[in-house]
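K.L.:
need a structure here:
(one chain, ligands or ions: 1)
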Amino acid sequence: MSQDTTGSTATAAPSAAGGQTRQDALENLLQENRKFAPSAEFAANAVVSADEYAKADADRPAFWANKARELLTWSKDFDQALDWSNPPFAKWFVGGEVNAAYNALDRHVENGLGDRVAIYFEGEPGDTRTYTYAELTEEVKKAANAFESLGVAKGDRVAVYLPMIPEAVITMLACARIGAVHSVVFGGFSADALRSRIEDAEAKLVVTADGTYRRGKPSPLKPAVDEALSAMENGDGHSVNNVVVVKRNGEDVNWVDGRDLWWSETVDKAPSEHTAVGHDSEHPLFILYTSGTTGKPKGILHTTGGYLTQTAYTHRAVFDLHPETDVYWCTADVGWVTGHSYVTYAPLINGATQLMYEGTPDSPHQGRWWEIAEKYKVSILYTAPTAIRTFMKWGREIPAKYDLSAIRVLGSVGEPINPEAWMWYREVIGGNGGKKANPAPIVDTWWQTETGAQMIAPLPGVTSTKPGSAQVPLPGIAVDVVDENGASVANGEGGYLVVREPWPSMLRGIWGDPERFKDTYWSRFEAMYFAGDGAKKDEDGDVWLLGRVDDVMNVSGHRLSTTEIESALVSHPAVAEAAVVGAADDTTGQAVVAFVILRGDATNKGDETVLELRNHVGKEIGPIAKPKQLLIVPELPKTRSGKIVRRLLKDIAEGRDTGDATTLADPSIMNHIAESLRK
Ligand code: WT7
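P.N.:
All right, here's what the predicted structure looks like:
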């Protein structure tokens, strides 16, 4: 009886992701009127109730100050909740001191929870490890001692290039413990991407592994570190003194004596006594690079007290976390912000038991995730729509082979979830294949690398959920949808997503570039944070996310910049010009499609050239950025001022008749392009 009968349930709204314009998607979404109220049982046991909203509205900073004191143990209490005297530079919990690692680890042990499992690790080849809170605390203390003995001090940067193994979490927490700032680089990024991030942050230490496993085969990591560092040695030099290497897949690695050290020789042999001291609430916790609208990734800076407060609060409230009984699984890699906030920090701050899986969902078979969920009795699952759509394609009979009855909350993140995928997720995964009277509620969570923590999401024991909508700003968060002029839109209308008031886990800047921080987020609208997303309010005032309004693409929930891929393409000697668009894709949400003009002296070798250029992007940025489709064209559509009209390229990429081309300097260009593609 979890279904609200106010809506018609007969017609499933078509997929918002596949092959449609945003306007079509929007129309479909607005026809979506199913609603699912929380079951009475769920609501009765929920950790937060509806009065949270009123409490927060009464006094936002005071609400967050209460959460900060409730959820964290401060070494020194703070004097002021929020200092917003110099916007957009916020300070939260001013004067307070707090240690992230102490809060994630030691205090649980001190509180008698040392034997609770912190991490169940499942390696891709099937090897397993379990860390209790006491054991994880000891590992982090050793790593902290080891890093300090290598000369890493408070404020120094540490680059982390690791697979999804417990050492990634241990490294991040060891950095946080000693006040070093981690900069995690996703293992799927190339040597070149790693080099530019090490360079920008001037990292002193790199922590990596020989490699990992991908679909049953060893996949290397260390060679990219070697390549990044030697490229810098052949240039202006670098800041890195040491590389600590975890032995994971046992493959041979190149070794630089004096620089490279095995984890087993340094961390494992370090003393396990280490006292955590409090760091200032605004002390930098980490830098995480993300793609923007220019070619250069931005180092998003997060600090300590506010970030920990909002990640911990949202993890508890949005997933209805009962740490004594739940087994939580977030499938994100620690290389992305979801892995930072909802693998490394929030679950451990909250004393939860979590699962960490190294590999791909189809290794060695397409039921691997559900086998894991059954084995560990996973009760909260947090994943991305692209994964759900992939499982839909593989078929519901695969999850049906496993017992998913323990699942009681499902999360979604990274991109809009189309109602069709939402319903499948609810019935097949949350309903244990239709065997459950009350399927698990789905919480669609909107947020960004920049916001640090979830911002818009239902509360599963409070909100009646709607397939496809993230719905409501969380308590204490002032999200709005505004028009071109920054005025709030009425219900039923669309516009731009903004945040009107500072929030605890907001980014504190872009590493080394305060001007870019102001320009990117605070200049579009007066005194509001501009997220870069389009959104719509429905008749109930619920928020529907409609995708990016800038040159940022979202491929499988991963953020990619059109400009960055274009720069990678033109860095190839055969390429004169390139334009990249994100085209609607049934599985990945968007797919990268590139249009390339070759240089006069380059020969078009057809498929061979296409393959070479795709691989070039893979090498420059990483395999995730490789164009799914690459089209060699004679010309690109441009306005009289020389701006590429991506809208028209998108029409081609999505197989539509091209729209209005009259603003082009030469309107006949679209015909030339179409002709060249027919050949
Ligand atoms: C962009 C941020 C948040 C962690 C993963 C991505 C899109 C994110 C949703 C959602 C619709 C979403 C937005 C946003 N996005 N979550 N629930 N519904 N869109 O972090 O790489 O910083 O990307 O992802 O477009 O701006 P990110």
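
K.L.:
The nearest residue to residue 155 once chain neighbours are set aside: what's it in contact with?
P.N.:
Counting by C-beta to C-beta, 6 or more residues apart in numbering, residue 155 lies nearest to residue 179, which is 6.4 Å off, once chain neighbours are set aside. Backbone N, C-alpha and C define where each C-beta goes, glycine included. Remark: with contacts taken as C-beta atoms under 8 Å, 6 or more residues apart in numbering, residue 179 is in contact with 153, 154, 155, 279, 283.

K.L.:
which phi and psi does the last one have?
P.N.:
This points to residue 283. As for residue 283, its main-chain torsions (degrees, to the nearest 10) stand at phi -70, psi 140.

K.L.:
From the ligand, how far off is it?
P.N.:
Using C-beta to the nearest ligand atom, to the nearest Å, residue 283 is found at 23 Å from the ligand.

K.L.:
tell me, how many neighbours does that residue end up with?
P.N.:
Using other C-beta atoms under 10 Å, residue 283 has 19 neighbouring residues.

K.L.:
who's in contact with it?
P.N.:
The contact partners of residue 283, by C-beta under 8 Å, 6+ apart, come to 154, 179, 303, 304.

K.L.:
Any of these buried? List them.
P.N.:
Buried by 16 or more other C-beta atoms under 10 Å: 179, 303, 304, out of the contacts of residue 283.

K.L.:
Tell me the one of those nearest the ligand?
P.N.:
residue 303 (17.4 Å; C-beta to the nearest ligand atom).

K.L.:
That closest one contacts residue 287, correct?
P.N.:
No: Residue 303 is not in contact with residue 287 according to C-beta atoms under 8 Å; the separation is 10.8 Å.

K.L.:
coming back round to it: just flag the most distant two among the contacts of residue 283.
P.N.:
154 and 303 (13.5 Å; C-beta to C-beta).

K.L.:
how far away is residue 83 from residue 267?
P.N.:
Applying C-beta to C-beta, to the nearest Å, the value for residue 83 to residue 267 is 38 Å.

K.L.:
do the same with residue 175
P.N.:
Separation of residue 175 from residue 267 (C-beta to C-beta) stands at 13 Å.

K.L.:
who has more neighbours, those two?
P.N.:
Neighbour totals were compared for residue 175 and residue 267, and residue 175 leads with 29 against 24 (other C-beta under 10 Å).

K.L.:
In contact with the residue nearest to that one when sequence neighbours are not counted, which residues?
P.N.:
Closest residue to residue 175 apart from its sequence neighbours, by C-beta to C-beta, 6+ apart: residue 182 at 4.3 Å. Applying C-beta under 8 Å, 6+ apart, we find residue 182 in contact with 157, 158, 159, 160, 171, 172, 175, 176, 285, 286, 287.

K.L.:
and what of residue 494?
P.N.:
Counting by C-beta under 8 Å, 6+ apart, residue 494 has contacts 26, 481, 534, 535, 536, 537, 546.

K.L.:
repeat for residue 386
P.N.:
Contacts of residue 386 by C-beta under 8 Å, 6+ apart are 414, 415, 556, 557, 587, 588, 589.

K.L.:
my guess is the second one is in a helix, correct?
P.N.:
No: counting by DSSP: H, G, I helix; E, B strand; the rest coil, residue 415 falls outside a helix, being coil.

K.L.:
List phi and psi for the residue nearest to it when sequence neighbours are not counted.
P.N.:
Once flanking residues are discounted, residue 415 sits nearest to residue 589: 4.5 Å by C-beta to C-beta, 6+ apart. With angles defined as degrees, to the nearest 10, residue 589 sits at phi 80, psi -70.

K.L.:
so what's residue 589 bridging to?
P.N.:
residue 555, residue 585 (DSSP bridges).
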